[in-house]
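Engineer: Provide a 3D model corresponding to the input given below.
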Amino acid sequence: VAAGRDREALRRSYDDTEAAVATVDLTDEGSIRTLAAEVGPVDHVVSTASARARGLVSELEPEAVLLSFHTKVVGPIMLAKHLAPTMPAGGSFVLLSGVAALEPDPGFLGVAATNGAVNTVVRSLAVELAPIRVNAVSPGTIDTGAWDPLGERKKAELFARLSAGNPSGRIGTPEDVAHAVLFALTNTFLTGVCLPVDGGQPLRVATGA
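Structural biologist: Residues are numbered from 1 along each chain as shown. Prediction:
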């Protein structure tokens, strides 16, 4: 039922009411294979799914780390395996990495390791799948609602602290990330790179913030 509601919400978010919505499990190659057979040739693929394995190393469970890798690293590799063979030469993949790969922070080991792997996958796939392009977008702290469980006060305090330390002086928005994804999709001379959309967040240490 939840998946059905998600599909309807996704369909309503597009101006094109003819947009088709399908469900795929990125941790299941069979599900990806079925999706590829159902949709046929596609021009571009954007993978935004994640399963964050947050927590100190003393708290991390292997299942959480493996789920993070399966969702954000292995899953996109399988998407490339099953969708790239019928993709046109001008096609592309865009994956989502994240600032944790460049900014080690206690409690984010699993996230950092996953995003670091994404960056490596992008470079490798860009070489192997050429001329199909493969890139990643690496968001910093983005106000997507993911931080809402902290509560209004703690979220505001966190965002104020991060904004004060970022050279950009603010928290990112979903639109910031969307613009970068569109750039990666449409720039035909861009491949094998990870675009940081983080307001300069990794520079906080260098600036003493």
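
Engineer: Grab the nearest non-local neighbour of Thr86.
Structural biologist: Pro41 (4.2 Å; CB to CB, 6 or more residues apart in numbering). All C-beta atoms are positioned from the backbone trio N, CA, C, and that covers glycine.

Engineer: longest strand of this structure?
Structural biologist: For the chain, the longest strand by residue count, based on DSSP state E, is strand 133-139.

Engineer: name the helices or strands packed onto that one?
Structural biologist: With contacts taken as 3 or more CB pairs under 8 Å, 6 or more residues apart in numbering; DSSP states H and E, strand 133-139 sits against strand 92-96, helix 109-129, helix 174-186, strand 194-197.

Engineer: residues in contact with the longest one?
Structural biologist: Residues lying outside helix 109-129 but in contact with it, judged by CB atoms under 8 Å, 6 or more residues apart in numbering, are 50, 52-57, 60, 64-65, 68-69, 72-73, 76-77, 80, 84, 93, 95-101, 103-105, 133-136, 138, 191-194.

Engineer: can you rerun that using 6 Å?
Structural biologist: Residues outside helix 109-129 that contact it (CB atoms under 6 Å, 6 or more residues apart in numbering) are 52-53, 57, 60, 65, 68-69, 72-73, 80, 84, 95, 97-98, 100-101, 104, 134, 136, 191-192, 194.

Engineer: count of neighbours near Asn115?
Structural biologist: Using other CB atoms under 10 Å, Asn115 is surrounded by 27 other residues.

Engineer: Put together JSON lines for the helices and strands packed on strand 133-139, with distance to Gly151 and mean pLDDT on each row.
Structural biologist: Putting these into JSON lines (distance: least, CB to CB, whole Å; pLDDT from 0 to 100) gives the following:
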{"stretch": "strand 92-96", "distance to Gly151": "26", "mean pLDDT": "98"}
{"stretch": "helix 109-129", "distance to Gly151": "21", "mean pLDDT": "97"}
{"stretch": "helix 174-186", "distance to Gly151": "21", "mean pLDDT": "97"}
{"stretch": "strand 194-197", "distance to Gly151": "26", "mean pLDDT": "97"}
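
Engineer: and among the ones you listed, the most buried is which?
Structural biologist: Burial of the helices and strands packed on strand 133-139 is given as mean neighbour count (mean count of other CB atoms under 10 Å); strand 92-96 ranks first at a mean of 25.

Engineer: Partner strands of that strand and their direction?
Structural biologist: strand 44-47 (parallel), strand 133-139 (parallel) (DSSP bridges).

Engineer: Which helix or strand lies directly C-terminal to the last one?
Structural biologist: When you say that, I think you mean strand 133-139. helix 152-165 (DSSP states H and E).

Engineer: and that following helix, what's its mean pLDDT?
Structural biologist: Helix 152-165 shows a mean pLDDT of 91.

Engineer: In three-state terms, label the residue nearest to Gly110 when sequence neighbours are not counted for me.
Structural biologist: Nearest non-adjacent residue to Gly110, counting by CB to CB, 6+ apart: Ala53, 2.9 Å away. Here Ala53 is coil, with the state taken from DSSP: H, G, I helix; E, B strand; the rest coil.
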